[in-house]
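Undergrad: coordinates for the following, if possible.
(one chain, ligands or ions: 2)
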Amino acid sequence: MWPCPLLCCLSPLLFLCLLFLPSGHLCPSVCSCMDYHTIDCRDQGLPRVPSPFPLDVRKLLIADNNIQEIPGDFFIFYSDLVYLDFRNNSIATLQDGTFSSSSKLVYLDLSYNNLTQLDAGIFKSAEKLIKLSLGNNNLAEVDEAAFESLKQLQVLELNDNNLQTLNVATFDALPNLRTIRLEGNPWLCDCDFASLFSWLEANAPKLQKGLDEIQCTVPVEEITIFLSELSEASFRDCKFSLSLTDLIIIIFSGVAVSIAAIVSSFVLALIVNCFQRCAPSKDDDEDEDDDD
Ligand SMILES: *[C@@H]1O[C@H](CO)[C@@H](O)[C@H](O)[C@H]1NC(C)=O
Ligand SMILES: *[C@@H]1O[C@H](CO)[C@@H](O)[C@H](O)[C@H]1NC(C)=O
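TA: Ligands and ions are numbered 1, 2, ... in the order given. So this is what the prediction gives:
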């Protein structure tokens, strides 16, 4: 912390002191605060986000530390943040609602962390984001609604993760996307990949090196090829094949139909039986007549 009260006693430093007083907040000792709005805490071996910062911080550089989480209330305090560089830390999860007050955030770098999944709406409210870096994590699951409301996003980096599959609907939320990085993932070019492949073919200019930079593994043969070696025809056999969900639906509807058939024949049998027993037949009447 700045020893301001002490410095104030020394008149030559009064000016310097006044320079830091108006914000009313002190700079964390391990960081350097270039001005009220820019704070640099890079490469200090920090295990957590130091605090407090001046509340009006706009640019925070906190890369190359060992921070394991972004506190859930972080953006509630620092809602003026425009630029946040969290590259090369140990963040494994993002709490739901972390970005709920991040309406001014334009640049977010979370690359070189330990993220494994992105939930639906996790960046919701970060509506001004233009660049989102998530490369070099462990992402294996990205919800198709993970990027919802990011209407301004132009650059999305998902390279060098653990993605085998990604729903193409994930990109529907991003009308302004100009650059996307997907290379360095263990993509599986099975039938589920067909729609993503069509999207990539149509959006190849958004990839830095086009379809040449992305590789995928062909399931049965277990060979790895470049997407540029594939074509729509490669997925021709998929047109009529059934996905697991389709199969489950078919099996369940089959079971449901069978149960319905059994129940209805049982009911029918009961009704017939009832009619036979309860409604006296002509034969019975005649028998009774004979007895009289
Ligand atoms: C990550 O930060 C450490 C220092 O904390 C540094 O030694 C390392 O080179 C950085 N790695 C990357 C990929 O930037
Ligand atoms: C990342 O997560 C994996 C397992 O989830 C763990 O083994 C590894 O130590 C973590 N790395 C960092 C830098 O936290």
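
Undergrad: quick one: contacts for residue 142?
TA: Counting by CB atoms under 8 Å, 6 or more residues apart in numbering, residue 142 makes contact with 117-118, 158, 163, 166, 170. Where C-beta positions appear, they are placed from N, C-alpha and C, glycine not excepted.

Undergrad: same deal with residue 218?
TA: Residues near residue 218 by CB under 8 Å, 6+ apart: 189, 224-225.

Undergrad: so which of the residues you listed reach ligand 2?
TA: Applying CB under 6 Å from any ligand atom, the subset of those adjacent to ligand 2 is empty.

Undergrad: okay if I get the contacts of residue 142 as JSON lines plus distance to ligand 2?
TA: Output for those, formatted as JSON lines (distance: CB to the nearest ligand atom, whole Å):
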{"residue": "117", "distance to ligand 2": "11"}
{"residue": "118", "distance to ligand 2": "15"}
{"residue": "158", "distance to ligand 2": "17"}
{"residue": "163", "distance to ligand 2": "16"}
{"residue": "166", "distance to ligand 2": "20"}
{"residue": "170", "distance to ligand 2": "23"}
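
Undergrad: residue 70 is in what secondary structure piece?
TA: Per DSSP states H and E, residue 70 falls between elements, in no helix or strand.

Undergrad: how many residues are close by it?
TA: For residue 70, the count of nearby residues is 22 (other CB atoms under 10 Å).

Undergrad: surely it meets residue 62?
TA: No. Applying CB atoms under 8 Å as the test, residue 70 and residue 62 come out as separate, 9.7 Å apart.

Undergrad: how about the contacts made by residue 102?
TA: 75, 79, 81, 125-126.

Undergrad: that one should be in a helix, yeah?
TA: No. The assignment for residue 102, made by DSSP: H, G, I helix; E, B strand; the rest coil, is coil rather than a helix.

Undergrad: going forward, begin numbering at 36 instead of 1
TA: I'll keep to 36 as the first residue from here, and by that count the last item is residue 137.

Undergrad: pLDDT wise, what is it at?
TA: Here the pLDDT value assigned to residue 137 is 93.

Undergrad: do the same with residue 317
TA: Predicted confidence (pLDDT) at residue 317: the value is 50.

Undergrad: repeat for the one 10 residues further on
TA: Residue 327 carries a pLDDT score of 44 in this model.
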